[in-house]
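Student: Okay, sequence plus prediction incoming.
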Amino acid sequence: MNKHVKNLAPETTDLSRRSFLVGTAATGLVLGYAGSGIDQALAAPAAANFEPSVWYAIAPDGLVTVTCGKADMGQHVASTMAQIVAEELGANWKDMRVQLASNDPKFNDPVLGAQITGGSWSTMMNFDAMSRAGAAGRIALTEAAAASMGVPASELVVRASTISHPKSKKSMSFAEVVKSGKATKTFTADDLKAIKLKSPDQYTMIGVSVPQLDIPLKVNGTAKYGIDVMLPGMVYGALVTPPVRYGATVKAVDDSAAKKVPGFIRAVTLDDKTTTTTGWVVAVANTYANAKKAAAALKIDYDGGPNAKLSSESLLTEAKRLQGLSDSGQFFVKDGDPNAAFGTAAKVLEAEYTTNINIHAPMEPMNATAEFKGDILHIYSGNQFATRSGAIAAGAAGIDPKFVVMHQMWLGGGFGRRLDADMMVPAVQAAKAVGKPVKVIYTRENDMTMDFSRPLTYQKVKAGVDGDGKLVALSHDVVSAWPTQRWGIPDFLSPSVDKKGPLDAFTVNGSDFFYTVPNHYVRAIKNEMAHNATPSGQLRSVAPGWTFWAVESMVDEIAHATGKDPALLRVELLDGKGKNDGGAQRLRNTLLAAMGLAGYGTKQLPKGEGMGVACVSSQERATASWTACVAHVAVAPSGEVTVKKLTVATDVGTQVNPDGIRAQVEGAALWGMSLALFEKATLKDGGIEQTNFDSYTPLRMSQLPEVAVNVIANGEKATGVGEPAVTVVAPAIGNAVFNAVGARVRGLPITAEAVKAAMKA
Amino acid sequence: MPNLNINGRNMSVEAANDTPLLWVIREQLQMTGTKFGCGAGLCGACTVHLNGEAVRSCQTSVADAVGKKITTIEGLSAKGEHPLQKAWVAEQVPQCGYCQSGQIMQAAALLSKNTNPTKEEVVAHMDGNLCRCMTYSRIQKAIMRAASDMRTASATGSERRAT
């Protein structure tokens, strides 16, 4: 992880403030960190069975309910947390249940100190805490059972929710122990730290593909997403968003025609002091269909604002101008002196790599339901960043964030989109204006044109090779909007190497790769114009989605320029020297595994076909999963690229749920392919031109290639799997296209036109 | 006040004739298993059956549904044990799950007519249903599994009748 993450909330501080509780409450055994009273009182919804301070509770019937503080957007993280708890607790998988946490700070991530889901961090950062929580429960239950049975606790065996004493053949179920009321042991932070956890050879649950707990709800229509929330007296809001992505203002609203729509209540022009939105109006009515009709009937006069004339071309031109300035940006990596090395290099290569704007487009359009109840603002929405989103909702309401309760829902896709809180603003302000709960649902057109998109990026890479064909220097400029700086949270920024102030490492992560290059510069350059015109967000895999596109394409270009095999050049560069020791070798091994599994270089491919490789240390240097891909493509004379097979290998250290990991890695790899070939958004006159799935076109079933996912679990610590495979696929495909037909395409997406043009060149 | 036959029950709803069936199902009847995805018939998240045919409920007016049998994910089988639903669990298909009601309803329309589809027939039938989590290969596997289970059940049924 980046240094900022450690700064956010040091683990030790968090633990020392709190003591771990094991005690019997009316409804069962409760395990968790004791939070501060005020937060609990505020966060507790009216329901009588709310359990404060819990990671999990065991009911008298023996059911274990784990409360997941992470947003579950399809990565089955709630089930994963339950699986980690169940391993140490000794619970039977059929007894495990999950529920989603509110924004009570006691559910904050134990490492991050906030409720945020991203970075492929969840498993790696919660593995220890959930393991210790599970173990503490097992110890407490065992001691209670020992007392009941009148035998030494050390002679008891815990398995499948049962505690047994083999010598006397006595046994008690978890349910019986909970009912006995004797489980009262308390654990301090030090006690927890002292617990000896199982070693991997003792695992019976970790590493097993148990069925994901959320799946049954998702095949019969009963899983509740934000859009499914129904509150008594609730009305609906439909948005009118301006033609300009950001910076427009509403001059006048004429609602005379809307007033003729049955059920219309009123139009609310947002007054968004959080500056999340600009120029939005929400039409409120008794049904969503009527709200949409009313929204369509509103006549709104806008001032387009400062970005109204900007286009993708303007953003790219500005990026190139900034890159050309010697004093632009800040250094993220500054090893040796590439400029001096270029002067003595035998060969210097230079190339520009670009990526276009990309839209998250989760299948569940953005939505939020807001309800004021007394002093408390209740928000119902599937969200990845409750800590910040609650504050945005509070800002929209003009109240203190401590009065906001966020009710987490299943997320109908996240991919980073739901780290943002724009949907809170119209829901809150409409609810305040009409005095009723309001559910605001974006149309797909709102959702696409107001996305916090992956920014347009421009990268210039210069490489120097010495007389022996050795890569001696690399300078890499990355120009983009700064999505994470937009959050306004200093702890998420990183210091620059040249001490020119903090930079947004989430625009350059990945460029600090594990190749040994003695002279290496990376400059992070903020494209202020793009930052303002297209407020950008974190799209699945974030920076490594573009930095590795540049790095892994350039490594291939170097290989071809020096007559080396591109895969073997990587092996050579991954020598594990100095700071790269450890990681480089793991990445090298993963690459070799992928090569072997794909049959790389073992046979002559037909004309027009080729294999390309790439390997990545996504997401961040300190949180890497070691991932490699061999793409096998066929390129038609028209330039059209067909992906025949993606072979992905990934070293994840420890796998909690192997089947779940395969699902995540396959989904991520297909995201990588979709971004590489099919997805492109463009800015024109300040607005996103693509409005629905006819013009923004993610991969469909008919475009599905064969995907072979191979997971390496070597007993190292668990790493993340939701994102890394996204980043490895585009360069692997680009490199494969070059190997197939000699066409080097340096812009994403790789279109047939671009391939054809490069074939001719 | 249109009368609808939905999941075997007759229900009267209060909605203008041009209201998309999707919103009537979700808001008035509070059956939220049918999802809104694009509002333009481009993603398939809102798929339901009208007289056994898969249709996009965002593109179907409530008036067009009157007099027809509407089936939603909630009514596909009494206990959620349609062979496709079982296969979806067996293959662990859903990730976020949002599109899966529509995927299952779309697939159910295919298998009701053809319990032995080729892979090409499955792809052609399913290509209008987007899955942003990209669970397509598991969807294909689950459809093939359900089809096989349905063929087995039907063969067993015939044997039983024969004896």
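Tutor: Sure thing, it's come through. Since this is a predicted model, take the numbers as computed values, not measurements. Residues are numbered from 1 along each chain as shown, chains lettered A, B, ... in the order given.

Student: Buried ones in the longest helix anywhere in chain B, by neighbour count?
Tutor: Criterion DSSP state H: the longest helix present in chain B is helix B:136-162. Buried positions in helix B:136-162, judged by neighbour count with 16 or more other CB atoms under 10 Å in any protein chain shown: B:136-147, B:149-150. All C-beta atoms are positioned from the backbone trio N, CA, C, and that covers glycine.

Student: Ok, stretch A:711-719 next?
Tutor: A:Val711, A:Ile712, A:Ala713, A:Ala718, A:Thr719.

Student: How is chain B divided into domains?
Tutor: B:3-75, B:83-162 (automatic domain parsing).

Student: what's the closest of those domains to chain A?
Tutor: Chain A sits nearest to domain B:3-75 of all these, at 1.9 Å, using CB to the nearest CB.

Student: right, quick check: that closest one against chain A, any contact?
Tutor: Yes - using CB under 8 Å from any CB of the partner chain, domain B:3-75 comes into contact with chain A via B:15-16, B:19-20, B:23, B:26-28, B:30-40, B:42-43, B:45, B:72-74.

Student: roughly how far out does that domain sit from the chain middle?
Tutor: 11 Å (CA atoms, centre = their mean, to the nearest Å).

Student: so how far does it reach from one end to the other?
Tutor: Distance between the two ends of domain B:3-75: 17 Å, counting by CA to CA, to the nearest Å.

Student: OK, contacts around residue 107?
Tutor: If you meant another chain, say so; for now it's chain A. A:Phe107 makes contact with A:Thr67, A:Gly69, A:Ala101, A:Gln115 under the criterion CB atoms under 8 Å, 6 or more residues apart in numbering or on different chains.

Student: Switch to chain B, please.
Tutor: Contacts of B:Ala107 (CB under 8 Å, 6+ apart): B:Leu84, B:Val122, B:His125, B:Met126, B:Ile139, B:Ala142, B:Ile143, B:Ala146.

Student: of these, list those near chain A.
Tutor: Okay, of these touching chain A (CB under 8 Å from any CB), that's B:Met126, B:Ile139.

Student: TSV for the contacts of B:Ala107, including distance to A:Trp280?
Tutor: As requested, these are exported to TSV (distance: CB to CB, whole Å):
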residue	distance to A:Trp280
B:Leu84	40
B:Val122	42
B:His125	39
B:Met126	36
B:Ile139	36
B:Ala142	40
B:Ile143	41
B:Ala146	44
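
Student: ok, back up a step: summarise which helices and strands the longest helix of chain B is packed against.
Tutor: In this structure, helix B:136-162 makes packing contacts with helix A:658-677, helix B:83-90, helix B:100-113, helix B:119-126, judged by 3 or more CB pairs under 8 Å, 6 or more residues apart in numbering or on different chains; DSSP states H and E.

Student: To A:Phe332, which of those lies closest?
Tutor: helix A:658-677 (22.8 Å; CB to CB).

Student: I'd like the distance from the longest helix belonging to chain A to the chain centre, please.
Tutor: In chain A, assigned by DSSP H, the helix with the most residues is helix A:122-149. Its chain's C-alpha centre and that of helix A:122-149 lie 29 Å apart, by CA atoms, centre = their mean.

Student: Just want the angle from that helix to helix A:658-677.
Tutor: Compare the direction of helix A:122-149 with that of helix A:658-677 by axes from the mean of the first three to the mean of the last three CA atoms, to 10 degrees and you get 170 degrees.

Student: Next up, the contacts around the most centrally placed residue in chain B.
Tutor: For chain B, B:Met105 is the residue whose C-alpha lies nearest the centre (CA atoms, centre = their mean; 1.3 Å). B:Met105 sits next to B:Thr47, B:Val48, B:His49, B:Ala54, B:Thr71, B:Thr72, B:Ile73, B:Leu76 when contact means CB under 8 Å, 6+ apart.

Student: hang on, the earlier thing: and the residues of domain B:3-75 next to chain A, which of them are buried?
Tutor: B:15-16, B:19-20, B:23, B:26-28, B:31-40, B:42-43, B:45, B:72-74.

Student: Format the contacts of B:Met105 as TSV; extra columns: secondary structure.
Tutor: Converted to TSV, the contacts of B:Met105 look like this (DSSP: H, G, I helix; E, B strand; the rest coil):
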residue	secondary structure
B:Thr47	strand
B:Val48	strand
B:His49	strand
B:Ala54	strand
B:Thr71	strand
B:Thr72	coil
B:Ile73	helix
B:Leu76	coil
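
Student: any chance of these in JSON lines, with pLDDT too?
Tutor: Supplementary listing: the contacts of B:Met105 in JSON lines, determined by pLDDT from 0 to 100:
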{"residue": "B:Thr47", "pLDDT": "98"}
{"residue": "B:Val48", "pLDDT": "98"}
{"residue": "B:His49", "pLDDT": "98"}
{"residue": "B:Ala54", "pLDDT": "98"}
{"residue": "B:Thr71", "pLDDT": "98"}
{"residue": "B:Thr72", "pLDDT": "98"}
{"residue": "B:Ile73", "pLDDT": "98"}
{"residue": "B:Leu76", "pLDDT": "98"}
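
Student: Out of those, the closest to A:Ile558 would be?
Tutor: B:Thr47 (49.3 Å).

Student: check contacts around the closest one.
Tutor: By CB under 8 Å, 6+ apart, the neighbours of B:Thr47 are B:Thr34, B:Ala54, B:Val55, B:Arg56, B:Ser57, B:Ser101, B:Gly102, B:Gln103, B:Met105, B:Gln106, B:Asn129.

Student: domains in chain A, as residue ranges please.
Tutor: Split by automatic domain parsing, chain A gives A:3-217, A:226-306+A:366-441, A:313-357+A:453-760.

Student: Say whether chain B is contacted by the longest one.
Tutor: Yes - remark: domain A:313-357+A:453-760 sits within contact range of chain B at A:659-660, A:663-664, A:666-667, A:670-671, A:674, A:692-694, A:698-702, A:704, A:707, by CB under 8 Å from any CB.

Student: Could you list which of the contacts of A:Phe107 belong to strands?
Tutor: Judged by DSSP state E, these include A:Thr67 as members of strands.

Student: quick one: the strands in the stretch 601-750 of chain A?
Tutor: Assigned by DSSP state E, counting those that start in this stretch, the strands in the stretch 601-750 of chain A fall at A:609-616, A:626-635, A:641-651, A:683-684, A:687-688, A:706-712, A:747-748.

Student: Pick the most deeply packed of those strands.
Tutor: strand A:626-635 (a mean of 29; mean count of other CB atoms under 10 Å in any protein chain shown).

Student: Return the per-residue confidence for A:Asn2.
Tutor: Note for A:Asn2: predicted pLDDT of 44.

Student: any chance you could map the strands in the stretch 251-400 of chain A?
Tutor: A:264-269, A:281-285, A:299-303, A:330-335, A:347-355, A:367-373, A:376-380.

Student: Flag every buried residue along the longest one.
Tutor: So that's strand A:347-355. Buried residues in strand A:347-355 (16+ other CB under 10 Å): A:Leu349, A:Glu352, A:Tyr353, A:Thr354, A:Thr355.

Student: how long is stretch A:57-68 from one end to the other?
Tutor: 12 Å.

Student: ok, back up a step: relative to helix B:83-90, how tilted is the longest helix of chain B?
Tutor: Using the same axes, to 10 degrees: helix B:136-162 against helix B:83-90 is 130 degrees.

Student: Quick check: mean pLDDT of helix B:136-162?
Tutor: The model assigns helix B:136-162 a mean pLDDT of 90.

Student: mind listing what the residue of chain A found nearest chain B touches?
Tutor: Closest residue of chain A to chain B, CB to the nearest CB: A:Gly221 (1.9 Å). By CB under 8 Å, 6+ apart, the contact set of A:Gly221 is B:Met31, B:Thr32, B:Gly33, B:Thr34, B:Thr72, B:Ile73, B:Glu74, B:Ser101.

Student: That'll do, ta.
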